[in-house]
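In: Need a 3D model of the sequence below.
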Amino acid sequence: MRKAVVIDCLRTPIAKAHPTNGIFRHVRSEDLSAHVMNALVDRTGVDPHIIEDVRWGCVMQQGEQGFDVARVAAMVADLPIEVAGVTINRNCGSSLEALNQCAMSVAAELDDVQIAGGVEHMEHIPMSKGYSVAPSLLYKHSEAIMQIGLTAEYLSMKYQVGRQEQDEFACRSHQLAAQANEKGEFDNEIVPTWGHDDDGRKVLMTVDQCVRPDTTVEGLAALRPVFNPAGGSVTAGNASPLNAGACAMLVMSEDKSKELGLKPMAKIVSSAVIGVEPCEMGIGPVPAIKKVLKRTGLTLDDIGAFELNEAFAVQALSVMKCLGLGPEKVNTRGGSVAIGHPLGASGSRIATTLLHRMRDGGIKYGLASMCIGQGQGIATIFELCD
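Out: Next up is the predicted model:
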């Protein structure tokens, strides 16, 4: 069976989704997407005429993200008109799903050279805009399943993850991301992107906007719970923020990379998705990781680097607790609590961070995994190419 490889991957800085001081408040989703597509083509030197498809994750597919934003962005990027585009929605796992589908297409000997990635602009298209829950869904499940903050509070109670532990983990996320910035560890991952500062002046953004180097556990402890004010533990400080950003990855078969003389970063070994109870949707990575490990014959000990999407600190901590994972291999350049969580782009973002970690550290196997709203999990294993 043919295996897919990732040649290169990059992303925009992740911006705050805010109407007055979000760096990308005047930049549209299609333009963010086109920017990273063009940067990927330029950096790899791949002939755009051999790209067959763009598989692009996006959750809120309306407004500027509607009518197949993958195809629209590919045309905005001025890719050859023959390059097709499809937009994929598996909620938070959308762009990791896009990457996995690229690998499946390679394995099936269908499309070969492809771009995977995703975008989300949570200020222009809010997370719940226009959504109407099916009454029939609520016959079986509580209304609370549509409020992921409450599912996070449930994890806190079920897995006994307290407020202090969550705040300490959130602080770690900001500190590690700030250290990664200082060391230049994101330099090969982030493509400078034009935005606007608080005064409306055009600026070239090179770092993630929500990372706060001055974050302290004491400062986080002063914040009030958001979703359960009477006794909850999830706050604005230990949850991921609302964001805007895009990410792109060049994918093809191993044989094609050799033919073109392109050195891959990593091979896509295998992937898995699974459903879990929506009331504890954050635990989805646990069975997804177990499933993909079983498929590959690998163990947790074989994996040298993990990127777990930090939808909430309690969510990541619950997953780590259930798997018996210590922090040494997990999100060592910070996670989504600090970097941000632009829904449709987050899967490719964590995979991109993971692949750069693996290359920089000479790590053979890495694993990216995410929880998914309404109760799913997704996981992908990568192998570093020599």
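In: So which residues of the stretch 1-150 of the chain form helices?
Out: Ranges of helices within the stretch 1-150 of the chain are 29-44, 69-76, 94-107, 148-158, based on DSSP state H, counting those that start in this stretch.
In: so how far is the longest one off the chain centroid?
Out: Translated: helix 29-44. Distance of helix 29-44 from its chain centroid, counting by Cα atoms, centre = their mean, to the nearest Å, is 17 Å.
In: Can you list the buried residues in it?
Out: Neighbour-count burial for helix 29-44, counted by 16 or more other Cβ atoms under 10 Å, picks out 29-41, 44. Quick note: C-beta positions are derived from backbone N, CA and C, even for glycine.
In: Just give me the neighbour total for G344.
Out: Applying other Cβ atoms under 10 Å, we find 37 residues neighbouring G344.
In: and it, what pLDDT?
Out: In this prediction, G344 carries a pLDDT score of 98.
In: which residues touch it?
Out: G344 makes contact with 56-60, 65, 89, 94-95, 118-120, according to Cβ atoms under 8 Å, 6 or more residues apart in numbering.
In: Tell me which of the helices of the stretch 1-150 of the chain sits nearest to D198.
Out: helix 29-44 (19.5 Å; Cβ to Cβ).
In: Which strands and helices lie in contact with that closest one?
Out: Other helices and strands packing on helix 29-44, by 3 or more Cβ pairs under 8 Å, 6 or more residues apart in numbering; DSSP states H and E, are strand 4-11, helix 69-76, strand 114-121, strand 243-253.
In: winner for burial among the ones you listed?
Out: Highest mean neighbour count among the helices and strands packed on helix 29-44 (mean count of other Cβ atoms under 10 Å): strand 114-121, with a mean of 33.
In: CA-only coordinates of it, as PDB, when you get a sec.
Out: Taking Å, rounded to 0.1, in the frame of the first residue of the first chain, the C-alpha atoms of strand 114-121 are listed here in PDB:
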ATOM      1  CA  GLN A 114      -2.600  17.500  -2.500                       C
ATOM      2  CA  ILE A 115      -2.800  20.400  -0.100                       C
ATOM      3  CA  ALA A 116      -4.400  19.700   3.300                       C
ATOM      4  CA  GLY A 117      -5.200  22.300   5.900                       C
ATOM      5  CA  GLY A 118      -8.000  24.500   7.200                       C
ATOM      6  CA  VAL A 119      -9.200  27.900   8.300                       C
ATOM      7  CA  GLU A 120     -11.500  29.500  10.800                       C
ATOM      8  CA  HIS A 121     -12.300  33.100  11.500                       C
END
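In: which helices and strands does it pack with?
Out: helix 29-44, strand 53-57, helix 94-107, strand 243-253, helix 343-361.
In: average pLDDT for that strand?
Out: 98.
In: cool, stretch 138-157 as well?
Out: pLDDT averaged over stretch 138-157 gives 88.
In: now it, how far from the centre of its chain.
Out: Taking mean C-alpha positions (Cα atoms, centre = their mean), stretch 138-157 and its chain are 22 Å apart.
In: cool, and stretch 253-267?
Out: With Cα atoms, centre = their mean as the basis, the mean position of stretch 253-267 lies at 24 Å from the chain mean.
In: how about that stretch: buried residues?
Out: 253, 256-257, 262, 264-267.
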